[in-house]
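K.L.:
Sharing a model prediction with you, sequence too.
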Amino acid sequence: MTAIRVALVDDQALFRAGIKMLIDSQADLEFAGEAADGQDGIVLVRDTRPDVVLMDVRMPVMDGIAATAAILEEADRLGQPAPKIVVLTTFDLDEGAARALRIGASGFLLKDTQPEFLLAAIRTVYAGSAVIAPGAVHDLFSSVSAAPPRRAVPESYSTLTGRETEIFHLAAAGLSNTEIATHEFLSEATVKTHISRVLAKLSLRDRVQLVVFAYEHGLNQPGGDAAAR
């Protein structure tokens, strides 16, 4: 079994040491390296090509938001798979975390999260899922981004079917697959299929990005479709 390679970018040496010990204790994880600021983090990712990056939001020289943007942009420019980036923050309602999610981070975790949850999050994001509940993203954006700048809705949104549009709005509101299935009188498997199609049509990586997309384009409020069309 190939180990999941994890890199850490954080300015606190003691925190880095603790995370390294935690990751080294797991047979299916490999510590790829560490950096103390965003600028060195970019070089670290370039040199080691980790699968997952744990990225602190607030650091000297270059913060985690700018580093996340640079890492994802470079991977896109070179046509390489981008690492999954999980931002680490001290506050649960952090504007920095919201900004990181907007530019492509796969999720965020509080720095005081339980070790077992952090390990599970690494494995989950590596498998392609979000590491935080979409509902948490909804709460985050509701709290720190009450009136986000609205972008023009892309043409791809109009390709969603009526059912897919309904599913989109429910997912954007933070409902789980189980809750959507109950609301729409569908099976969870059918909901998952609809979600996958919505993500593919909108070129989104996961449900976290779906929530961000809704907020950015003013589709998170009742009547959002009417305003978009």
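P.N.:
Received it, and whenever you're ready, just let me know what you need. Only a predicted model underlies this, so the values are computations on that prediction, with no experimental measurement involved.

K.L.:
pLDDT weak spots in this structure?
P.N.:
Scanning the chain for pLDDT under 70 picks out 92-94, 130-150, 220-229.

K.L.:
the strands in it, which residues?
P.N.:
Counting by DSSP state E, the chain has strands at residues 4-9, 29-35, 52-56, 84-89, 107-110.

K.L.:
Pairing partners for the second one, with directions?
P.N.:
Taking DSSP bridges as the criterion, strand 29-35 pairs within the sheet with strand 4-9 (parallel).

K.L.:
Could I get the CA-only coordinates of stretch 77-93 as PDB?
P.N.:
Extracted in PDB, the C-alpha atoms of stretch 77-93 (Å, rounded to 0.1, in the frame of the first residue of the first chain):
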ATOM      1  CA  ARG A  77       0.000  25.900 -15.100                       C
ATOM      2  CA  LEU A  78       2.200  22.800 -15.300                       C
ATOM      3  CA  GLY A  79      -0.700  20.400 -15.800                       C
ATOM      4  CA  GLN A  80       0.200  18.500 -12.700                       C
ATOM      5  CA  PRO A  81      -2.100  17.100 -10.000                       C
ATOM      6  CA  ALA A  82      -2.500  19.600  -7.200                       C
ATOM      7  CA  PRO A  83      -2.100  18.500  -3.600                       C
ATOM      8  CA  LYS A  84      -5.100  18.600  -1.400                       C
ATOM      9  CA  ILE A  85      -4.700  21.600   0.900                       C
ATOM     10  CA  VAL A  86      -6.300  21.800   4.300                       C
ATOM     11  CA  VAL A  87      -5.900  25.100   6.000                       C
ATOM     12  CA  LEU A  88      -5.400  25.200   9.800                       C
ATOM     13  CA  THR A  89      -6.800  28.000  11.800                       C
ATOM     14  CA  THR A  90      -7.300  29.000  15.400                       C
ATOM     15  CA  PHE A  91     -10.800  30.400  15.000                       C
ATOM     16  CA  ASP A  92     -13.800  28.500  13.700                       C
ATOM     17  CA  LEU A  93     -15.300  31.600  12.000                       C
END
